[in-house]
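Q: Pasting the sequence and the predicted coordinates here, then a few questions.
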Amino acid sequence: MRNTILIGIISLIIMSCGKSKFSTTPKLEYKSVNTKDLFPEGSIVFRLGYTDAEGDLQDSILIQKVGLSPALCPQSGFNAYWQLPEFPVVKNSEGEIIISYTYGTTGPYPPIQRQCQDIDDTCYFRFVIQDKAKHKSDTVSSDVIIIRK
């Protein structure tokens, strides 16, 4: 009985010392992409999860496209800043950010332009969010994506 109580107290202390998933610096998590093989006339949709202790993620998100074949296609990459939409400030907020692009067609999302004319463009995307207090999350990266010619 005494050992059971002692183990229970030690377990409680260990659990209470655990790090909260909410912090002043926003945290970003790459969750998924709808396709790793993007063909013309298609769309790509990234899903990112976030947490933030202050709930002030109303600044921007940096999106970088990084080409994996710079010798074959030096113009493959880009940097884009998107303004995050306004939403209610809630302490210990968490949610999902969805980023979408179209390829080779007009549509409801911003376009990804064909940058490698004669070859498939192998790349990945990186994301960083910034809150109103200018705290930046760690950089998260997508899976490798092949953008077909």
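A: In hand now; what should we look at?
Q: CA atoms for contacts and neighbours, from now on please.
A: Will do.
Q: Now do Ser93: how many residues are near it, please.
A: Residues lying near Ser93 (other CA atoms under 10 Å) number 17.
Q: Helices of the chain, start to end?
A: Assigned by DSSP state H, the chain shows helices spanning 2-16.
Q: any low-confidence regions in it?
A: By pLDDT under 70, the low-scoring segments of the chain are 1-20.
Q: which residues in it form strands?
A: 27-33, 37-38, 42-52, 60-67, 78-83, 93-103, 111-112, 121-130, 140-141, 145-147 (DSSP state E).
Q: Which other helices and strands does the fourth one contact?
A: Contacts defined by 3 or more CA pairs under 8 Å, 6 or more residues apart in numbering; DSSP states H and E place strand 60-67 against strand 78-83, strand 121-130.
Q: Which among the strands of the chain is found nearest to Lys21?
A: strand 42-52 (7.2 Å; CA to CA).
Q: Dump the strands of the chain to JSON lines, plus distance to Lys21.
A: Formatted as JSON lines, the strands of the chain follow (distance: least, CA to CA, whole Å):
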{"stretch": "strand 27-33", "distance to Lys21": "8"}
{"stretch": "strand 37-38", "distance to Lys21": "33"}
{"stretch": "strand 42-52", "distance to Lys21": "7"}
{"stretch": "strand 60-67", "distance to Lys21": "20"}
{"stretch": "strand 78-83", "distance to Lys21": "24"}
{"stretch": "strand 93-103", "distance to Lys21": "10"}
{"stretch": "strand 111-112", "distance to Lys21": "34"}
{"stretch": "strand 121-130", "distance to Lys21": "16"}
{"stretch": "strand 140-141", "distance to Lys21": "17"}
{"stretch": "strand 145-147", "distance to Lys21": "29"}
